[in-house]
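**Student:** Need coordinates for the following:
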Amino acid sequence: MHTNELRFLDAIATRKSLDLVAHLTPEDLTRTTPCASWTLHGLLSHMATQHYGFAAAADGDGANPAHWRPIPLGEDPVADYRASVKRVLSAFAVHDLEDREFTLPEFSTEFAFAADKALGFHFIDYVVHSWDVAKTLGLPVDFDKEVLDVALKLAESIPDGENRVAPGAAFGPAVKATGTSTLDTIVALLGRSPSWPDTTPGQSAASA
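**Tutor:** Numbers count the residues shown, from 1 in each chain. Predicted structure coming up:
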């Protein structure tokens, strides 16, 4: 897919995550999430950190480990997350990304990624993390067909194997889809049970 198309779809998914995060209250931060090892506070910190890391990569400074250190959330976590969204969307928007390579040490320390690949990583992550936040807060989440069609293709292209159980893996092993929507299929392919928190035996949530 063309880089500009992915940039457009990624902005939709990223803004959707912010729309959902805007509903949380301080009491919600201790809630468990579909990401098995994280409370909502931990998930939100991870999401904000990734935004800053990808923004730095778009700026050509992704190799600096300081940009990937966990972001501490302050007294207003929604404002902190909003700032991270503004940062990454601005970084993606101001650069001509077509021929830019992204250094993403959390994905590989051996080589850089073409812009379309990097944007694909960020896009699918925030489709899924939007679902994570919605599930945690008990909110509905929906995306246009265009977003879901591209996200499904990306989810289907991500290898499912031993790499999914390695420490720090982005997604857990695929589980059986228990829902009927395209979004249910996407999250199941990437290790989430669509019926979370009422998961069935053998259907564990992903770690990230």
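
**Student:** so what's the residue most central in space within the chain closest to, chain neighbours aside?
**Tutor:** Nearest to the geometric centre of the chain sits residue 125, at 2.4 Å (Cα atoms, centre = their mean). Nearest-residue entry for residue 125: residue 50, 6.7 Å, with adjacent residues in sequence omitted and distances by Cβ to Cβ, 6 or more residues apart in numbering. Placement of C-beta: from N, CA and C, glycine included.

**Student:** Now do whichever helix in the chain runs longest: which elements does it pack against?
**Tutor:** Scanning the chain for the longest helix, with DSSP state H as the assignment, gives helix 115-137. If contacts are counted by 3 or more Cβ pairs under 8 Å, 6 or more residues apart in numbering; DSSP states H and E, helix 115-137 sits against helix 3-21, helix 40-58, strand 101-102, helix 145-157, helix 182-189.

**Student:** Tell me which other helices or strands the third one touches.
**Tutor:** So the one you mean is strand 101-102. helix 40-58, strand 113-114, helix 115-137.

**Student:** Repeat that for the fourth one.
**Tutor:** Under the contact definition 3+ Cβ pairs under 8 Å, 6+ apart, helix 145-157 sits against helix 3-21, helix 115-137, helix 182-189.

**Student:** Chain neighbours aside, what residue packs nearest to residue 182?
**Tutor:** Closest to residue 182 by Cβ to Cβ, 6+ apart is residue 148, at 4.3 Å.

**Student:** neighbours around that neighbour, how many?
**Tutor:** Each residue near residue 148 was counted by other Cβ atoms under 10 Å, and the total is 18.

**Student:** What separation do you get for it and residue 181?
**Tutor:** 8 Å (Cβ to Cβ, to the nearest Å).

**Student:** cool, residue 53 as well?
**Tutor:** Residue 53 sits 30 Å away from residue 181, going by Cβ to Cβ.

**Student:** Tell me if I'm right that the residue nearest to residue 125 and residue 124 touch.
**Tutor:** No - applying Cβ atoms under 8 Å, one finds residue 50 not in contact with residue 124, separated by 12.0 Å.

**Student:** Those two: which has the busier surroundings?
**Tutor:** More crowded of residue 50 and residue 124, by other Cβ under 10 Å: residue 124, with 26 against 22.

**Student:** Please name the nearest non-neighbouring residue to that one.
**Tutor:** That would be residue 154: by Cβ to Cβ, 6+ apart, it lies 4.6 Å from residue 124.

**Student:** ok, back up a step: need the pLDDT of the residue nearest to residue 125.
**Tutor:** With respect to pLDDT, residue 50 scores 97.

**Student:** Also residue 205?
**Tutor:** 43.

**Student:** beta partners of residue 101?
**Tutor:** residue 114 (DSSP bridges).

**Student:** Next one: it from residue 121, what distance?
**Tutor:** From residue 101 to residue 121 the distance is 13 Å (Cβ to Cβ).

**Student:** list the residues that contact both of the two?
**Tutor:** residue 113 (Cβ atoms under 8 Å, 6 or more residues apart in numbering).

**Student:** Compare the two (neighbour count), which wins?
**Tutor:** residue 121 (21 against 16).

**Student:** Let me know the secondary structure of the nearest residue to the more buried one once chain neighbours are set aside.
**Tutor:** Residue nearest to residue 121 in three dimensions, not counting chain neighbours: residue 107, with 6.6 Å by Cβ to Cβ, 6+ apart. Of the three states, residue 107 takes coil under DSSP: H, G, I helix; E, B strand; the rest coil.
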